[in-house]
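Chemist: Next come a sequence and a model predicted from it.
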Amino acid sequence: MSFLTGENLTGGYGGADILKGCTVGVERGKIAVIVGPNGAGKSTAMKAMLGMLKMREGRVMLDDRDITDLSPQARVGEGMAFVPQTSNVFVGLTVQENLEMGAFLREDDISETMDQVFELFPILKDKRDQAAGELSGGQRQQVAVGRALMTRPQVLMLDEPTAGVSPIVMDELFDRILEIRQTGVAILMVEQNARQALAIADKGYVLVTGENRYTDTGEALLADPDVRKSFLGG
Amino acid sequence: MDYLIDVINALVLFSNFVLVPGLAYGSQLALGALGVTLVFGILRFANFAHGDTMAFGTMVTILLTWWLQSVGVGLGFLPTALIALPVGIAATALLVVFTDKAVYRYYRARKAVPVVFVMVSVGVMFMTNGVVRFIIGPDDRRFSDGERFLVKARTFKEVTGLSEGLAIRTTQGLTVVIAIALVVALFWFLQKTKTGKAMRAYSDNEDLALLSGINPDRIVLVTWVIAAALATIAGVLYGLDKSFKPFTYFQLLLPIFAAAIVGGIGQPVGAIVGGYVVAFSEVTITYAYKKFLIYLLPESLEPDGLMQLLSTDYKLAVSFLILVAVLLVRPTGIFSGRLL
């Protein structure tokens, strides 16, 4: 059993099931990546892990505790941080205020964590007093990830962090995610850029129509001819 | 030299009838619009009951003021209503928080669309209006006391030797001072405190605020209490400056909404600018410029008529016109607020 596990996830948004009994999980200090074609239920699986989806079956375990019935806010309190794909910053607030809001639940001194975030994303330190809405797409993603890190999470969940950013920014962001892994955080990521994401993944899940198709290390999936042919474009 | 005196006289006349009343009225509208804009920003609906919330708070303040006057308690120079004001705010806060728990919360839980909220607030408006009329009656009430003028027209004339006088009523001075103090305090709260920042975050991106662990119930509660305080203060200042009549407060809703929308609804700065824009539009358009022009123009050009663009009876039409024009031309207002 992994540190964070979603087992036999089954459910959808009220109509037909989108998730049909898939299982995903991630260990501390590791990166797990969920890839798959459009409509495979990648983001839905992540929402299920966060409690934003009503599940018919299955359970979510965090550190051997069943958290299936906890609300998303309660899960944030338990050390899960989530970076949504869109609208993931407070556009009207400054960069620094965005980070402060990330640490809203903390009562202790947050300046050390904020310095760590600024160390990870130096550009944010220069732009700390600018409104997040005025930043470029890549910088906004950095604010979004930074905001999530401010809770000092045990699990960081990212929904397509590289959507809509240039390849250079994407490489940069993946480098930062590797650095975050060094600190012992469990990272679960949904990605469209499957090849690059699997290259940094300790574990990869290929979902198809809400079910697990392939599960292996990122390296093995990249080497698997079937996976390459079907999902990575040869 | 004579012409210079004429120009000064014209300016004093203009200050007396346009600038000073406009500043006071604008401050009252700004405070009202701030309440509307805060509720819109956080709770995401246009609160039609705001005018009657103002009336309720003013009513409580008036009743207490009358009692204080009857037992001989006063503030001397300043109006007694200032002592009663905190109680009025507290009572209004209780009313709106109760209304929220009893009415709005139900629709929030059902994730009702904004137009449903607006209709609900219309219901709340009629209820509050009924309560106010039932308790204090529909008639005009006066409750101001203390020194009436800060600057008397006659004293001004004697001191300056000008033929025009400038009068500044205590309530006008009080309105502007309190409005400035309140706006500074509100902006400090929104920009610097954790709760204030959380309110802005919640207004900016509700889902992300929830993901950050911000408690929505607390944000809603704080918003209602601030809105109640702003409404009561605006209502009492307006009542002191003019007089209190439930129907007038109901009508104030129009200029207040015009102010909030002109400035950009959801934007506190916009509400303040909008308040003054609407107030000065009303006052300048309904002012009779005859005497002002007589001072400035050569005798041959002296106007015969009143030189008034619109009779004061139509002052509400000015707000309406501004509202329609803004919604047609720039629906997000001066400071790019949200769309209604």
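Modeler: Perfect, thanks for sending it.
Chemist: Distance-wise, check the most centrally placed residue in chain A relative to B:Asp204.
Modeler: By CA atoms, centre = their mean, chain A has its centre lying nearest to A:Leu158, at 1.8 Å. Distance of A:Leu158 to B:Asp204, given as CB to CB, to the nearest Å: 21 Å. Every residue, glycine included, has its C-beta placed from N, CA and C.
Chemist: One more: B:Val122?
Modeler: Counting by CB to CB, the gap from B:Val122 to B:Asp204 is 27 Å.
Chemist: can you map out the strands along the chain?
Modeler: Answering for chain A, as no chain was given. A:4-11, A:19-26, A:31-35, A:55-62, A:65-66, A:80-83, A:155-159, A:186-190, A:203-208, A:211-216 (DSSP state E).
Chemist: Please refer instead to chain B.
Modeler: B:149-151, B:168-169.
Chemist: Look through chain A and state the residue closest to chain B.
Modeler: Among all residues of chain A, A:Leu105 sits closest to chain B, at 3.8 Å; criterion: CB to the nearest CB.
Chemist: and the nearest residue to that residue once chain neighbours are set aside, how many neighbours?
Modeler: In this structure, A:Leu105 finds its nearest non-sequential neighbour in B:Gly213, 3.8 Å apart by CB to CB, 6 or more residues apart in numbering or on different chains. B:Gly213 has 19 neighbouring residues, counting by other CB atoms under 10 Å in any protein chain shown.
Chemist: B:Gly213 reaches A:Gln73, doesn't it?
Modeler: Yes: B:Gly213 is within contact range of A:Gln73, at 5.9 Å (criterion: CB atoms under 8 Å).
Chemist: How about the contacts made by the closest residue to B:Leu210 other than its chain neighbours?
Modeler: Spatial nearest neighbour of B:Leu210, excluding adjacent residues (CB to CB, 6+ apart): A:Gln73 at 5.8 Å. Listed by CB atoms under 8 Å, 6 or more residues apart in numbering or on different chains, the contact set of A:Gln73 reads B:210-211, B:213, B:215.
Chemist: In CSV, list these along with pLDDT.
Modeler: Below are the contacts of A:Gln73 laid out as CSV (pLDDT from 0 to 100):
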residue, pLDDT
B:Leu210, 90
B:Leu211, 89
B:Gly213, 88
B:Asn215, 90
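Chemist: ok, so of those, who is nearest chain A?
Modeler: B:Gly213 (3.8 Å).
Chemist: so what's the residue most central in space within chain B up against?
Modeler: Nearest to the geometric centre of chain B sits B:Leu29, at 2.4 Å (CA atoms, centre = their mean). B:Leu29 sits next to B:234, B:252, B:255-256, B:259, B:274-276, B:278-279 when contact means CB under 8 Å, 6+ apart.
Chemist: switch to 7 Å and redo it
Modeler: For B:Leu29, the contact set (CB atoms under 7 Å, 6 or more residues apart in numbering or on different chains) comprises B:255-256, B:259, B:275, B:278-279.
Chemist: Tell me which of these fall in helices.
Modeler: B:255-256, B:259, B:275, B:278-279 (DSSP state H).
Chemist: Near the closest residue in space to the residue nearest to the centre of chain B that isn't next to it in sequence, how many residues? Count them for me, please.
Modeler: Excluding the flanking residues, the one nearest B:Leu29 by CB to CB, 6+ apart is B:Gly275, at 3.8 Å. As a burial measure, B:Gly275 scores 29 neighbours (other CB under 10 Å).
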